[in-house]
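Asks: below is the structure, and that's it, no one-letter string:
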């Protein structure tokens, strides 16, 4: 009988992956550390080393021009369950013959919790196990690196700190990051890991690339397991955020990712499959993840040989950016104009996406994105919202059926002001004792909703998270208004209803929605005007289908016919858009009594030519009445100003 404190005989043994001790073949737990043993054999086998040296992959040949990237973890084209107990494989390209496809097997057991990889990475949790690939979350027992510059936040890199290590983004010194966490992908076939083993050997370091940092092979029982180590991004994916996103936020993400591609292309790597699920979003920016499908070229490849791969990467990035703005990955000038603020942004996507010529290099795209970004306000800048509001019965009607509401507040933190406000215009319909009642009921319902949970919808978190909360709240408030009007309509047996335009401004982000033909505009400090909302009207549908022009719609006999209204029919969630506001920009909310009397150019001239938002409101109503004043006129103007 062998004592538990003594090693077993050397004839039939299995090695503990945790401490390296050799145990009897039939043992279930290590005699030294009591760690569960994995890989015990049914028959004796010669002693096995705990680890193997790191593998050097064969010299890489240039990919064939029409070659598809290899399959990678998660692709349904690579692995399909044939039954409960078997796995059917579709052949995948081999890395220059370095390995052979994995034979079918019933299971690929994960390591026990608490195990170590290379006696360095400590297994903390199993993230996924699909039968051929295990993914673990692990902690590196050695220090990794992070940028000292707090405004840069280079992602941690699993390499020892040393003299002369500098951030590839800002040039600051890199320092130890003891809290770094990693994902380790493990398979018995290197093909399953795609190109990540080769990418790891390129030594990529960039804040916009969450790239593999380490590749090794390790023997576990009878198997040699291939492993890659990747920093754990720990962030939401672009696939989890809903378009439209704020234009400046998207442009900043695009700039981050274009810089990452520039670094990648300089290392003779094309990302090849840029999709929203492979883009990580953090409070500090955006980064590419999952390098399994990359196309790698020899280090001495001339840039022109990669031209097609580079152009495809940049087009794919532009497609994801426009999707985050408009909800579509293809370019349509009119759709883009409804979302973005300037023709220069429309021009950028017209160039970047088919049928445009695209960008030849990442540097070209970076330069174009830099020109598009507006000036960032200085840190610590105190801002406020200056608001004007006015309503008038007009020159024809005897009853004003419009209602408007303004709710403002401000928070101060570390001597910095962050204002927010809720702004609503409602245009009632249904005649005497109906229209004015409907618009009032709608605003009362929104006000009650604001008293309950408006504060929870604003402030804190990433811009995308704040925008998502604001959009959710504004949709819920619109639904509450719809229900309230519908209930009164049914009780009164009337045809009352109301249009709605509503904006929730949090700091410099405006989240806007509309129902009916009340509108929201953005008048920039430069004087350019952009309609943020789209009318739910008959003439707008005719314009969208190219049956009439926008100018013809202004004179169309059916221009007052709307297709949606609060209180009428079932509630359908309206479109919601979030836009950045810069100093000097003015947000305009109005009923159709204003927009039907004044064209966009005249509105922009009046707004930019007024000394204050309140003066702008007065002059807009005066101009509408001078043009005929055929309907009630209501308007709110909101400007971001320094204090």
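Replies: Arrived safely, thanks for sending. As the structure is a computational prediction, the values presented were derived from the model and not from experiment.

Asks: and the helix or strand residue 408 falls within, how far from the chain's centre?
Replies: Assigned by DSSP states H and E, residue 408 belongs to strand 402-413. Taking Cα atoms, centre = their mean, to the nearest Å, one finds strand 402-413 lying 28 Å from the centre of the chain it belongs to.

Asks: so which elements touch that strand?
Replies: With contacts defined as 3 or more Cβ pairs under 8 Å, 6 or more residues apart in numbering; DSSP states H and E, the packing partners of strand 402-413 are strand 383-392, strand 416-429, helix 435-453, strand 633-642. For every residue, glycine as well, the C-beta is placed using N, CA and C.

Asks: for residue 504, see how far away residue 326 is.
Replies: Counting by Cβ to Cβ, to the nearest Å, the separation of residue 326 from residue 504 is 21 Å.

Asks: with neighbour numbers in mind, choose between these two.
Replies: Comparing residue 326 with residue 504 by other Cβ atoms under 10 Å, the one with more neighbours is residue 504, at 27 against 22.

Asks: not counting its own residues, what contacts the helix or strand hosting the more buried one?
Replies: Per DSSP H and E, residue 504 falls inside strand 500-506. With Cβ atoms under 8 Å, 6 or more residues apart in numbering as the test, strand 500-506 has contacts from 385, 418-426, 442, 446, 457-459, 466, 470, 473-474, 477-478, 481, 510-516, 518-520, 533, 566, 581, 587, 589-591, 638.

Asks: which among those residues count as buried?
Replies: Buried positions within these, assessed by neighbour count (16 or more other Cβ atoms under 10 Å), are 385, 418-426, 442, 446, 457-458, 466, 470, 473-474, 477-478, 481, 510-516, 518-520, 533, 566, 581, 587, 589-591, 638.

Asks: list the contacts of the closest residue to residue 232 other than its chain neighbours.
Replies: Distances taken as Cβ to Cβ, 6 or more residues apart in numbering place residue 181 nearest to residue 232, at 4.3 Å, with adjacent residues excluded. By Cβ under 8 Å, 6+ apart, residue 181 lies in contact with 124, 137, 138, 139, 231, 232, 234.

Asks: in the sheet, who's paired with the fifth one?
Replies: In this structure, residue 231 bridges to residue 182 when assessed by DSSP bridges.

Asks: gap between it and residue 184?
Replies: 11 Å.

Asks: and for the first one?
Replies: Residue 124 sits 10 Å away from residue 184 when distances are taken as Cβ to Cβ.

Asks: joint contacts of those two?
Replies: 136, 138.

Asks: please say which of the two ends up with more neighbours.
Replies: residue 184 (22 against 15).

Asks: pretty sure that one contacts residue 138?
Replies: Yes: using Cβ atoms under 8 Å, residue 184 is in contact with residue 138, at 5.2 Å.

Asks: overlap in contacts of those two?
Replies: Joint contacts of residue 184 and residue 138 (Cβ under 8 Å, 6+ apart) are 117, 121, 123, 229.

Asks: the last one - nearest residue in space that isn't next to it in sequence?
Replies: Spatial nearest neighbour of residue 229, excluding adjacent residues (Cβ to Cβ, 6+ apart): residue 214 at 3.9 Å.

Asks: burial of the one you found, as a residue count?
Replies: 22.

Asks: also residue 242?
Replies: 14.

Asks: show me where the stretch 251-400 of the chain has its strands.
Replies: For the stretch 251-400 of the chain, strands defined by DSSP state E, counting those that start in this stretch occupy the ranges 269-270, 279-282, 285-289, 295-296, 383-392.

Asks: how about the contacts made by residue 607?
Replies: Residue 607 neighbours (Cβ under 8 Å, 6+ apart): 523, 529, 586, 588, 616, 620, 637.

Asks: again, but for residue 430
Replies: Applying Cβ under 8 Å, 6+ apart, the residues near residue 430 are 437, 438, 494, 495, 496, 497.

Asks: can you pull the buried residues of the longest helix belonging to the chain?
Replies: Ranked by residue count, the top helix of the chain under DSSP state H comes out as helix 463-492. Neighbour-count burial for helix 463-492, counted by 16+ other Cβ under 10 Å, picks out 463-464, 466-471, 473-482, 484-486, 488-489.

Asks: let's have the contacts of residue 607 in a markdown table, adding neighbour count.
Replies: Output for the contacts of residue 607, formatted as a markdown table (neighbours: other Cβ atoms under 10 Å):
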| residue | neighbour count |
| --- | --- |
| 523 | 24 |
| 529 | 21 |
| 586 | 23 |
| 588 | 31 |
| 616 | 24 |
| 620 | 26 |
| 637 | 27 |
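
Asks: which among those residues gets closest to residue 320?
Replies: For the contacts of residue 607, the residue nearest residue 320 by Cβ to Cβ is residue 529; the value is 28.4 Å.

Asks: now the residue nearest to residue 229. Its backbone dihedrals?
Replies: phi -150, psi 140 (degrees, to the nearest 10).

Asks: can you tell me the closest non-neighbouring residue to residue 319?
Replies: Using Cβ to Cβ, 6+ apart, the closest residue to residue 319 is residue 329 (4.2 Å).

Asks: the one you found: neighbour count?
Replies: Residue 329 has 16 nearby residues by other Cβ under 10 Å.

Asks: same thing with residue 302?
Replies: Neighbour tally, residue 302, other Cβ under 10 Å: 9.

Asks: about what we covered before: so which pair among the contacts of residue 430 is furthest apart in space?
Replies: Of all pairs in those, the most separated under Cβ to Cβ is 437 and 495 at 11.9 Å.

Asks: and these two? Which one has more around it.
Replies: residue 437 (21 against 15).

Asks: tell me who's in contact with the more buried one.
Replies: By Cβ under 8 Å, 6+ apart, residue 437 lies in contact with 428, 430, 488, 496.

Asks: just the pLDDT at the second one, thanks.
Replies: Residue 430 is assigned a predicted lDDT (pLDDT) of 77.

Asks: could you do the third one as well?
Replies: On the pLDDT scale, residue 488 is placed at 92.

Asks: any figure for the gap between it and residue 515?
Replies: The gap separating residue 488 from residue 515 is 17 Å, by Cβ to Cβ.

Asks: same check, this time on the second one
Replies: For residue 430, the distance to residue 515 equals 15 Å [Cβ to Cβ].

Asks: how about the first one?
Replies: Taking Cβ to Cβ as the measure, residue 428 and residue 515 are separated by 13 Å.

Asks: and what of residue 114?
Replies: On the measure of Cβ to Cβ, residue 114 and residue 515 end up 57 Å apart.

Asks: most centrally placed residue in the chain?
Replies: Geometric centre of the chain, nearest residue: residue 238, 3.1 Å, by Cα atoms, centre = their mean.

Asks: you'd agree that one is up against residue 279?
Replies: Yes: Residue 238 is within contact range of residue 279, at 3.9 Å (criterion: Cβ under 8 Å).
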